[in-house]
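Trainee: With the sequence up front, the predicted model follows.
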Amino acid sequence: MTGLAVLGLLLVGSYLGGFLVGGGGKRARGLASGAGMVLLGFVSGPAVLGLLSAETLELFTPLMQVGVGWLALNSGLVYGRVFGRPVRISGALAGIAVALVTAAGVTGAVQLALMYLPRLRAAGLDDRDRWVLALGVGAALSETTRSVGRWARERYRARGPFFDRLLDLAAADDLVPVLLAAVSCALLPLHPAARPLAFYVAAPAQLVAGFVLGAAAALMLGRDFRLNVARGVLIGVSLVGIGSAVELRLSLVAMLFALGLGLVVVSRHRERIRRMTTAERYVVLPVLFLAGAMTSGSGILPWVAAVAVGARLLTKLVAGFGLWVGWREARPAGPLLGAGLASSGTLSVAVGLSFALHVPGVIGASVLAASSLAVVAGELIGPPSFRSALRNAGEIPAATAETQGALPAEAPS
Amino acid sequence: MSGAGQPPRPLADRLLEALVVLVLLGLLVAARRVFPILGAGAGTIASVGILLLGGTVLANLLELVGLPHLTGYLLAGVAAGPYALNLVDHRAVEELTPVNGLALSLIALAGGAELRLASLRNGLRSLAWATLWQNLLVMAALAAVFLAARPLLPFLKDVPTAGVIGVGLVWGVMAVTRSPSATLGILSQTRAKGPLASFTLNFVMTSDVVVVVLLAVVMTIARPLILPGSDLSLSAVRELGVEVLGSISVGTTIGLFLAAYLRLVGGGLVVMLVALGVVFTEVFDYLHFDWLLIFMTAGFVVQNLSRQGERFVTAIESTGEIVYVIFFGVAGAHLDLPVLRVLWPVALLFAGARGITSWVAGRVASRYAADPPAIRSWGWSGLVSQAGLALGIAASIQAEFPAFGAGLGALAVATVAMNEMVGPVLFKLALDRCGETQGEAEEAEGAGAAEAAFEP
């Protein structure tokens, strides 16, 4: 398939995404499956049918970088908010805690597997590379996608205190993958021309740089909001941020997330800025497709991915059990609540893809393979369990659950 | 788009904005100095960002002294480009060509959609006389100036007189090219309405077809003069017929498709337009169609053969000034300052001669057409801008006549650079003087709707 044909395909994906992803009300009811797009990419890519060659995919590197950066920026812009309201502190803390537990479990499992499984030891990674890989996988697999909440609300009209807590949890946990991505990238050397930095300096530096860039953009927007100025500044600053992150070999996800956060924290026009970024829905499907196409299944990758996804499910179950014990509203949902948190989404894929672009070779490919598998596995387990937990908690209206329960449990990315 | 009709953006905001951008650019320049090898790979992404930021901010500052936004975009491109700060290097400029093509195709669509049959019909007399005089007089005069300036053009030293006449004729055709993008950029910024705005839009958009035809005819005549061994061949005219008619047919089909799409689906139009701009331009190039003409025709068809015109224009406008910032920013970065530094006296001669002849041709045409005072006094002002089409012709001449093509190409770049910088300023000044800059879309108030419509 030529580059032009792939581009056409991506534009079709982008076009469909404009209708199927995001938005509100009826438009989002037939949500596209993020996993479906990842799988489609994987099957079309060099790993299976080879309709897209590695050389063709390489042509799209700048597009992937911009897509990943834009998704991360959007996550930063909407961080701490869900359905237009701020998340509650308790829910946010729970979200961060669950994501940290998951990340720790996944990172630990991958690290142990790399050290002790003979098949994985044969890859010959040194200490630093092992940590980069394990932390990268931990970062990519730690979140629960916030889209699963939107899916439940728009398809099943879910509502209630337990559902609100889950929404808060999913909306707040994005911070963990971002921080871990920053730490993991900080372990790697910066651009050869740059002076080496200790990782405890490099990690926060990426976030600070992004935040400062966002704050600078907010200052440029000034007191008087003008749409044309805002467009130029927002897109211009984002592209400068993406370009700088790639050139200096910083974490694209961390820097752009921090940029988005800096922008909405400092600017008085934050609501208008959030409204301006509806373009995210046009980016999602092409990025998922390209991530799938970039995913490889050779060498140690399936093993790393399997260990990571297994550990993720286990730790989500443990964390979910903790929530079941700790939250009064969660009691009716049952102790297997954690399975409902297994959905992983675009941020996970964005982290995986950013690693694949940032660290070519076994490390980046492993993180991407794990994140792609997590999206597919999460799609199979997460949405039905999430729906079941909400139904048990009485937060899905009976009529909706009965009439629509037969629909395929297809969740958004 | 801030300007007439909208309360002016506070000075403090503009200055703060400029200060922040200066600091950011300073940091980037310092980073490049400290790490000279930075720039590989993602240079292009950052370059678009720099052009967007710099262009947006500079345009806002220049607005204070009444200069058009386009001038700000161009200057930002020049400043960031490879001949000044080198934040946007040669490679990035080359890699931005597809983005530029996309911008140009959207501009062509917008241009076609702005052409209304009623307006064309009302201004037909003015348009016909202006087309005649502006093309023939400017072409003949500039060809004559070219011949007269022969001693100043070292690259023609070894070319016989007949050959110089042939090159002069081609130069004359280059001189009658105008810039639809500059015209639309100024009209988009000022939302100008009135006889001058309508006349300029109608003239500039239709002149593209006239120039393509003129070029084919002149090349048929000039080739045997420049290359004495070659025969007079009408094949170029035949190919032109195929190209123009084919492009109009394809454009009509696309226009009808877009109209049907708008009526039946409506949503996601900008992505559809991007697909047309990115994918189809490649296909049309391969098929040797003129894609500018195709998109202009498509826009014209949607506007005039369906009821979806206004909706279509609104959708294209939702891309805002971004298209113009990128297009003119890249054009600014493209400006070859070293060539301009060397050739500016000769370029100034040609640019001046072109400006004066356009003015004379405008006065003569207005007399025949009995134009209203606005067109009589200022009708020529919108015809000074030049951009891509002239450079495209120069590039094809360079390829066809390598013996002197490089020198001619450099001279064309220098001359177009001058017209590119002066033209938009003149046109905006004329619109202001005629009182046609009525104000812009009330974006500040209606931002909610516009934001919702904003798509990548």
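Mentor: That came through fine. Numbering: from 1, shown residues only, chains lettered A, B, ... in the order given.
Trainee: Can you report how many residues neighbour the closest residue to chain A within chain B?
Mentor: Nearest to chain A in chain B, going by CB to the nearest CB, is residue B:46, at a distance of 2.4 Å. Placement of C-beta: from N, CA and C, glycine included. Using other CB atoms under 10 Å in any protein chain shown, the number of residues around residue B:46 comes to 26.
Trainee: Spit out the contact partners of the closest residue to it other than its chain neighbours.
Mentor: Leaving aside its sequence neighbours, residue B:46 sits nearest to residue A:243 (CB to CB, 6 or more residues apart in numbering or on different chains; 2.4 Å). Residues in contact with residue A:243 (CB atoms under 8 Å, 6 or more residues apart in numbering or on different chains) are B:42-47, B:49.
Trainee: Mind checking which of those residues are in helices?
Mentor: B:43-47, B:49 (DSSP state H).
Trainee: CSV for the residues you listed, including pLDDT and distance to residue B:356?
Mentor: Listed next are the ones in helices among the contacts of residue A:243 as CSV, based on pLDDT from 0 to 100; distance: CB to CB, whole Å:
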residue, pLDDT, distance to residue B:356
B:43, 77, 42
B:44, 80, 41
B:45, 85, 44
B:46, 85, 42
B:47, 85, 38
B:49, 88, 41
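Trainee: which of these tops the neighbour count?
Mentor: When neighbours are taken as other CB under 10 Å, the top entry among those is residue B:47 (29 neighbours).
Trainee: which secondary structure element contains residue A:302?
Mentor: Here residue A:302 is covered by helix A:301-326, with elements defined by DSSP states H and E.
Trainee: check whether the helix or strand just after that helix contacts chain B.
Mentor: Using DSSP H and E, the helix or strand that follows helix A:301-326 in sequence is helix A:346-358. No: using CB under 8 Å from any CB of the partner chain, helix A:346-358 stays clear of chain B, with a minimum separation of 9.9 Å.
Trainee: Ramachandran angles for residue B:56?
Mentor: Per-residue torsions, residue B:56: phi -60, psi -50 (degrees, to the nearest 10).
Trainee: Excluding residues flanking it in the chain, which one is nearest it?
Mentor: Nearest one to residue B:56, counting by CB to CB, 6+ apart, is residue A:232 at 3.1 Å.
Trainee: before we move on, the earlier item: list the buried residues of the helix holding residue A:302.
Mentor: Within helix A:301-326, the residues that qualify as buried are A:301, A:303-305, A:307-309, A:311-313, A:315-317, A:319-324, counting by 16 or more other CB atoms under 10 Å in any protein chain shown.
Trainee: Kindly provide the distance from the residue nearest to residue B:46 to residue A:186.
Mentor: According to CB to CB, to the nearest Å, residue A:243 and residue A:186 sit 20 Å apart.
Trainee: Give me the below-cutoff pLDDT ranges for the stretch 101-250 of chain A.
Mentor: A:190-196 (pLDDT under 70).
Trainee: can you give me phi and psi for residue B:219?
Mentor: Torsion angles, degrees, to the nearest 10, at residue B:219: phi -60, psi -40.
Trainee: shouldn't it be in contact with residue B:170?
Mentor: Yes: Residue B:219 is in contact with residue B:170 according to CB atoms under 8 Å; the separation is 7.0 Å.
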